[in-house]
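Asker: Fold the following for me, if possible:
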Amino acid sequence: MQNKIMSFFFGTLLFILLSSFLQPDVISGKVIGIQDGDSITLLTDNNTQLKVRLEGIDCPEKKQDFGNAAKQFTSYLVFSQNVTLQKTGQDRYGRTLGYIFLEDGTNLNEELLKAGLAWHFIKYNKSQHLAQLELEARENKVGLWQLSSAIPPWDFRKN
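Answerer: Modelled structure (predicted):
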């Protein structure tokens, strides 16, 4: 009897662990705040406020060229909209990391790169797809890539 209970317990535990690896956390909610181009506040379906940092990108800071444009772009696309968050982790400040999808499937993270309003944050994300989107925006001199010497936000923050 005890072996059956232990087998059931470990089987259930294994199922839960495998399920968590196979299915990323997906959270639905309404965007109720825009801190900057790559940080939003999401009011989840269970009325919890969640600070979200967009995975894989880094937008210019507010005091940088195109910083306000990035914030306005994000606000235009998602403020007061119902979105889906594909959670990828948590940053060192306790914010939830992830990709934001609009109801029509548009990926906010990718749209910011395409518009030339973000860098691919290669230090924390190795996506070839995101790198390619940044490269295309650079080549086409879209958004901040019109500038002769755009300063990455991580360098700007150091100063």
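Asker: contacts and neighbour counts: CA atoms only from here.
Answerer: OK.
Asker: any idea how far the residue minimising distance to the centre of the chain is from L42?
Answerer: Central residue of the chain (Cα atoms, centre = their mean): L54, 2.0 Å from the mean position. Separation of L54 from L42 (Cα to Cα, to the nearest Å): 12 Å.
Asker: just checking, next helix/strand downstream of the strand ranked longest in the chain?
Answerer: For the chain, the strand with the greatest residue count under DSSP state E is strand 26-36. Following strand 26-36 in sequence order, the next helix or strand is strand 39-44 (DSSP states H and E).
Asker: next helix or strand past that next one?
Answerer: With elements assigned by DSSP H and E, the helix or strand that comes after strand 39-44 is strand 49-54.
Asker: For that next one, name the packing helices and strands.
Answerer: Contacts defined by 3 or more Cα pairs under 8 Å, 6 or more residues apart in numbering; DSSP states H and E place strand 49-54 against strand 39-44, strand 96-102.
Asker: Please export the C-alpha coordinates of that strand as PDB.
Answerer: Written as PDB, here are the backbone C-alpha positions of strand 49-54 (Å, rounded to 0.1, in the frame of the first residue of the first chain):
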ATOM      1  CA  GLN A  49      -1.300  44.100 -10.800                       C
ATOM      2  CA  LEU A  50       1.800  42.700 -12.400                       C
ATOM      3  CA  LYS A  51       4.800  44.800 -13.400                       C
ATOM      4  CA  VAL A  52       6.000  43.400 -16.700                       C
ATOM      5  CA  ARG A  53       9.400  44.000 -18.400                       C
ATOM      6  CA  LEU A  54       9.400  43.000 -22.100                       C
END
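Asker: In its sheet, which strands sit next to the next helix or strand along the chain from it, and in what direction?
Answerer: Once strand 49-54 ends, the next helix or strand along the chain (criterion: DSSP H and E) is strand 57-58. According to DSSP bridges, strand 57-58 forms sheet pairs with strand 119-120 (antiparallel).
Asker: now do the same end-to-end measure for stretch 75-95.
Answerer: Start and end residues of stretch 75-95 are separated by 19 Å (Cα to Cα).
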